[in-house]
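Visitor: below are the sequence and a predicted model; questions follow.
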Amino acid sequence: MFWLNADLPTRIWKLHREDCIYCKPEETQSKGLGRMKSYGGWFSFETVKEAYEFYKSQDERYVWQPCKVCRPDKI
């Protein structure tokens, strides 16, 4: 499983493997879990392709960035 961290203030959408040390999906006041809130959201996907397709369906100003620690794009 993979988690996509959609961060609206930075416009970076970072993809993580679920076992990544930087993957901490949780609902907060400003970030949603499975939904967008004012600062973005965390979304789960079974494949990198699914995550990328979801990212591409959003605003084109966002930046796709696989995590440089867990390297989800290298699986």
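Guide: Okay, I see it. Keep in mind the model is a prediction, meaning the values are calculated, not measured. Numbering: from 1, shown residues only.
Visitor: tally of neighbours for the residue nearest to residue 25 when sequence neighbours are not counted?
Guide: Once flanking residues are discounted, residue 25 sits nearest to residue 42: 3.7 Å by Cβ to Cβ, 6 or more residues apart in numbering. For the C-beta atoms, the positions are set from N, CA and C on the backbone; glycine is no exception. Residue 42: 21 surrounding residues under other Cβ atoms under 10 Å.
Visitor: residue 42 touches residue 1, doesn't it?
Guide: No. If you go by Cβ atoms under 8 Å, residue 42 and residue 1 don't touch, sitting 11.9 Å apart.
Visitor: can you name every helix or strand that the helix or strand that contains the residue nearest to residue 25 contacts?
Guide: Assigned by DSSP states H and E, residue 42 belongs to strand 40-45. Strand 40-45 sits against strand 2-7, strand 31-33, helix 48-56, with contacts defined as 3 or more Cβ pairs under 8 Å, 6 or more residues apart in numbering; DSSP states H and E.
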